[in-house]
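Chemist: what follows is a predicted protein model with its sequence.
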Amino acid sequence: MISSISYKKERESFVSFTKPYYVIPVMIFVRDDFGKYENLTSLKGKRVGILKDVFYTKELKKFGDIDLVTYETYEEITRALVFGKIDALMQNLPNINYLIKKNLYSNLQLVDELDLPGINKEDLRFGVNIDKPILHDIVEKGLDSITKDEWQELIDKWIDVKY
């Protein structure tokens, strides 16, 4: 089982997805010295960091003329942007925001929300091995049993971004 995976049709052959428990915007971050950012076309010809196997890789490749650089961890991708190895990064807001605050990075700015055809937010779900339908049902029932107040408490503690 995996605790946070986004739905993709091609994953259905090996994963049973729960319904989403949270939806997070995918944001575009740049360094302060990037220059004028207008929209996604501002990234043409630029080195843009993404995480390995992120769910919107295929759609970004279709956009064309963006040099995608793949990283293994949130820390690596954020450091790469801070120190000029890439020109921009695309990743969900809470994780990058957390690292900016934790490390006191002061040269990064959020410039846009990623919006590609069919892609605009990261849907967090549990993914269960397709051969474990009973486990999937247990996880789904567990999610259904969480009250609205309990969800808000979990979001405030683990996911939400505070400005």
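Modeler: Looks like it arrived, so ask away.
Chemist: start and end of stretch 46-64, how far apart?
Modeler: 11 Å (CA to CA, to the nearest Å).
Chemist: tell me the residue in this structure that is farthest from the middle.
Modeler: Ranked by distance from the centre of the chain (CA atoms, centre = their mean), the top residue is Ile134, with 28.5 Å.
Chemist: is that one part of a helix or strand, or is it coil?
Modeler: Classification of Ile134 by DSSP: H, G, I helix; E, B strand; the rest coil places it in helix.
Chemist: list the contacts of Arg151.
Modeler: Not quite, residue 151 is Trp, not Arg. Trp151 makes contact with Tyr21, according to CB atoms under 8 Å, 6 or more residues apart in numbering. No exception for glycine: its C-beta is placed from N, CA and C like everyone else's.
Chemist: phi, psi for it please.
Modeler: With angles defined as degrees, to the nearest 10, Trp151 sits at phi -60, psi -50.
Chemist: local confidence estimate at it?
Modeler: pLDDT recorded at Trp151 is 89.
Chemist: gap between it and Phe14?
Modeler: 28 Å (CB to CB, to the nearest Å).
Chemist: what of Val139?
Modeler: 16 Å.
Chemist: please apply the same query to Pro20.
Modeler: Per CB to CB, Pro20 is found 19 Å from Phe14.
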